[in-house]
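1. how does the following fold in three dimensions:
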Amino acid sequence: MTDIRHLFERELDAIAHDAAFAEMEIVAQHARARGSVTALSVTIDRPGGVDVALCERVAARLNARLEESTERYSLEVESAGLERPLVRPADYARFAGKPVRVVTSLSVNGAKTHRGTLAGLRGETVVLATRTGELHLPLATVKSAHLEYDPRADLQRDKRERKNNNGRTGN
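-> The predicted structure follows:
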């Protein structure tokens, strides 16, 4: 492992245990050689979402540590976003009830891409609620899994809220 990668991983571990970043989660991290530069990236999340200020704080903390190295690097700190990847088994429990898209390495029920509402993880099986019933996907076959954002659901919720608020009278 190169010096810069080692510093990067050590500082990410320190950030993960720092009370100043208590609600933040490191979703993914990568270090790749790109020519003479090491490209470092980290994806973060927190309840309520990630803003630019949090990304800047994480980047500043990492840069302060990485500047100890003489190796050239680039750093990218990004939010997990609305279609957050599910990367750990605990993610499947945490996001139960949310719409997801799961891609498997093997065909299950004639398909490799599956959409539904996440019902959680049972043992080593991801369970999706679909229009045709429960779909069981072995965790070992999951190539990628992401929350699936539907802007229509937000628009419908906003419309209901406006309708409910317009029907109320202020006292």
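2. how about residue 45: what's its closest non-neighbour residue?
-> Once flanking residues are discounted, residue 45 sits nearest to residue 80: 3.9 Å by C-beta to C-beta, 6 or more residues apart in numbering. To be clear about C-beta, it is placed using only N, CA and C from the backbone, and glycine gets the same treatment.
3. isn't that neighbour up against residue 46?
-> No - between residue 80 and residue 46 there is no contact under C-beta atoms under 8 Å: 9.1 Å.
4. more crowded one of the two?
-> More crowded of residue 80 and residue 46, by other C-beta atoms under 10 Å: residue 80, with 21 against 15.
5. by mean pLDDT, flag the weakest helix or strand of the protein.
-> helix 151-166 (a mean of 82; mean pLDDT, DSSP states H and E).
6. and that one, what does it pack against?
-> Using 3 or more C-beta pairs under 8 Å, 6 or more residues apart in numbering; DSSP states H and E, no helix or strand is in contact with helix 151-166.
7. any idea how far it is from the chain center?
-> 26 Å (C-alpha atoms, centre = their mean, to the nearest Å).
8. same thing with stretch 107-121?
-> 18 Å.
9. please apply the same query to stretch 125-139.
-> With C-alpha atoms, centre = their mean, you get 20 Å for stretch 125-139.
10. now do the SS call for residue 75.
-> Of the three states, residue 75 takes strand under DSSP: H, G, I helix; E, B strand; the rest coil.
11. measure it to residue 63 for me?
-> Between residue 75 and residue 63 the computed distance is 6 Å (C-beta to C-beta, to the nearest Å).
12. state the distance from the closest residue to residue 72 other than its chain neighbours to residue 75.
-> Using C-beta to C-beta, 6+ apart and skipping the chain neighbours, the partner closest in space to residue 72 is residue 37 (4.7 Å). Residue 37 sits 10 Å away from residue 75, going by C-beta to C-beta.
13. more neighbours: which of those two?
-> Legend: neighbour count by other C-beta under 10 Å for residue 37 and residue 75, higher for residue 75 (16 against 13).
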